[in-house]
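Engineer: prediction below, plus the sequence it came from.
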Amino acid sequence: MSDALRSFRRNAVHVRQALDLVSHGTGPLQMDAGYLEDESRLERYKRLSIPVRRALNANDRASFAQALAALQAEPADHRPPLDAVERAWRALQSELDSLVGLGGSRVPRRQILADWLDAAAFYDKLDRERAYDRMIDRWGKAAEGIGAQLMEDAARVVVLLDEQAAAALGEPVILPPPAKTPPPPPDPKAPWWNRLFHRRSGDR
């Protein structure tokens, strides 16, 4: 149980931080296709999309499904209350399975969310010819609003499970920020000048 929950919780730290930015952060406005828009919104969406994308990937070590299964497998007297989490998860799945009219067809919201998570996670404002533009070309501008809302809905379900995971592990709900990852050691086969540069870079 501990490995699955700890991986989930480390990822949930990023979900909490990014969800707060999306909910309360604003940036300067710019004109885009005749609309005034917050020019930093996609950067905030990107920060949220990456950990949410991990949580929704059942094969990821930080997945929601694995963490929930770990808690459900615990003996009843050691298991935190999961009814609210399970209801929220079922409601999210039902919403994702429902259809919405976009691009001249009826599309499962799950597909819109998947495309949006890819578009936001890989968004690069210096190179717009990527997943974001392909999503807009395929589904239209409305897909951004739908995808962003579904992403926030999913993030809130992740946070709900994280509270129960914290109780199961006996940890505080709000974990401290993760430690900065140290740089990898230099390749011993690299030329000496590369190793020297690597060492100096790591000291900064």
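Structural biologist: Perfect, I can see it now.
Engineer: distance of Gly103 from Leu5?
Structural biologist: Counting by C-beta to C-beta, to the nearest Å, the gap from Gly103 to Leu5 is 39 Å. Every C-beta, even on glycine, is put in place using the N, C-alpha and C of the backbone.
Engineer: of those two, which one has the most company?
Structural biologist: Leu5 (24 against 12; other C-beta atoms under 10 Å).
Engineer: helix, strand, or coil at that one?
Structural biologist: The local conformation at Leu5, judged by DSSP: H, G, I helix; E, B strand; the rest coil, is helix.
Engineer: how close does it get to Glu163?
Structural biologist: 12 Å.
Engineer: repeat for Pro80
Structural biologist: Counting by C-beta to C-beta - Pro80 and Glu163 are separated by 8 Å.
Engineer: same deal with Ser40?
Structural biologist: 29 Å.
Engineer: who has more neighbours, these two?
Structural biologist: Ser40 (16 against 13).
Engineer: any idea of the pLDDT on the residue most central in space within the chain?
Structural biologist: In the chain, the C-alpha nearest the mean C-alpha coordinate belongs to Val52, at 2.1 Å (C-alpha atoms, centre = their mean). For Val52, the model assigns a pLDDT of 97.
Engineer: residues contacting it?
Structural biologist: Counting by C-beta atoms under 8 Å, 6 or more residues apart in numbering, Val52 makes contact with Val15, Leu117, Met151, Ala154, Ala155, Val158.
Engineer: nearest to Asn57 among those residues?
Structural biologist: Closest approach to Asn57 among those (C-beta to C-beta): Leu117, at 9.5 Å.
Engineer: run through who's touching stretch 118-125.
Structural biologist: Against stretch 118-125 from outside (C-beta under 8 Å, 6+ apart): 42-43, 45-46, 48-50, 53, 130-132, 134-135, 147-148, 151.
Engineer: same thing but at 7 Å, please
Structural biologist: Leu42, Tyr45, Lys46, Ser49, Ile50, Arg53, Arg130, Ala131, Tyr132, Met135 (C-beta atoms under 7 Å, 6 or more residues apart in numbering).
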